[in-house]
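# sequence unavailable; structure follows:
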């Protein structure tokens, strides 16, 4: 078996041009990709085996193509639904919430404002707050297992993404990590902070505006503060 001539003759510059033409994200430099291709085990040149591999790969490509089409159709349907929901604009207004993640939060959060008179009720539903058990002089704090796990996943996914777009969120997360919390715990702390903001926006039927969020203003460095709207 031999390496395809196109790989042998290629250069990082040519491969980079090819990747750019194909819309590659550029996460790995062309030189790294080329080195991996050249160091990979050589494929077979047996006609029968090659034909079998070709049929299998084309079948897999067909499955992936069908799945990608279905995903696009689902994304389009989700976008249409959240655009028509009265609270859709609110949940899409948070940094890095996107459309699908915002729809996941909204679907589990619901619109029964009278059922959640305080943000802690949402935090408990999402399993963001720990469970405290006290008996006599003993007091224990443990992870909240009984909760709406879909809401917890949606909220923590949003919180983790938000810290890449919001300095306020990044500050809360970084301070939690600096205090010894692991990534999941720090993300839950940030999620609880966001739930307080989300709850206020939701109660007031007002999209999030960082200019009205005292803790998120550029002149604040503490990361604390309440939303004003």
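Received it, and whenever you're ready, just let me know what you need. As the structure is a computational prediction, the values presented were derived from the model and not from experiment.
# just the strands in this structure please.
Taking DSSP state E as the test, the strands found in the chain are 131-135, 138-142.
# give me the residue at the spatial middle of this structure.
With distances taken as CA atoms, centre = their mean, the chain has residue 157 as the residue nearest its mean C-alpha position (4.4 Å).
# which residue is the nearest non-sequential neighbour of that residue?
Take residue 157 and drop its neighbours on the chain: the residue closest to it by CB to CB, 6 or more residues apart in numbering is residue 101, 5.8 Å away. In this view, the C-beta of every residue, glycine as well, is placed from N, C-alpha and C.
# burial of that neighbour, as a residue count?
Counted with other CB atoms under 10 Å, residues neighbouring residue 101 total 20.
# also the one 4 residues further on?
Counted with other CB under 10 Å, the burial measure for residue 105 works out to 25 neighbours.
# my guess is it contacts residue 151, does it?
Yes - using CB atoms under 8 Å, residue 105 makes contact with residue 151 at a distance of 7.1 Å.
# show me the shaky parts of this structure.
1-9, 132-142, 215-229 (pLDDT under 70).
# how about the helices in it?
Secondary structure of the chain (DSSP state H): helices located at 5-9, 12-21, 30-39, 47-84, 88-92, 100-109, 119-125, 149-162, 167-178, 183-204.
# for those helices, which one sits closest to residue 143?
With CB to CB as the criterion, residue 143 lies closest to helix 183-204 of those, at 9.1 Å.
# any buried residues in stretch 152-168, and which?
Neighbour counts over stretch 152-168 (16 or more other CB atoms under 10 Å) mark 152-163, 166-168 as buried.
# nope, stretch 79-94 is what I meant
79, 82, 85, 87-88, 90-94.
# show me what contacts residue 170?
163-164 (CB atoms under 8 Å, 6 or more residues apart in numbering).
# look up how far residue 39 lies from residue 15.
Distance of residue 15 to residue 39, computed by CB to CB, to the nearest Å: 14 Å.
# so what are the domain limits for the protein?
Structurally, the chain divides into domains by the TED database as follows: 1-43, 47-84, 86-209.
# so which of the ones you listed is the most packed in?
Neighbour counts (mean count of other CB atoms under 10 Å) averaged over each of the domains of the chain peak at domain 86-209, with a mean of 17.
# please tell me how far residue 26 sits from residue 36.
15 Å.
# cool, and residue 151?
From residue 151 to residue 36 the distance is 40 Å (CB to CB).
# next: residue 184.
32 Å.
# likewise for residue 88?
43 Å.
# quick check: closest non-adjacent residue to residue 111.
That would be residue 87: by CB to CB, 6+ apart, it lies 5.8 Å from residue 111.
# dump the residue contacts of the one you found.
Shown in contact with residue 87 (CB under 8 Å, 6+ apart): 106, 111, 202, 205.
# what's the last one sitting at in phi/psi?
The phi and psi torsions at residue 205 (degrees, to the nearest 10) take the values phi 50, psi 40.
# just checking, it touches residue 90?
Yes - look at residue 205 against residue 90 with CB under 8 Å: they come within range, at 7.0 Å.
# in this structure residue 131 contacts residue 147, no?
No - using CB under 8 Å, residue 131 is not in contact with residue 147, being 9.8 Å away.
# how close does the closest residue to residue 188 other than its chain neighbours sit to residue 69?
With CB to CB, 6+ apart as the criterion, residue 188 has its nearest non-adjacent residue at 5.2 Å, and that residue is residue 128. Noted for residue 128: a distance of 36 Å to residue 69, by CB to CB.
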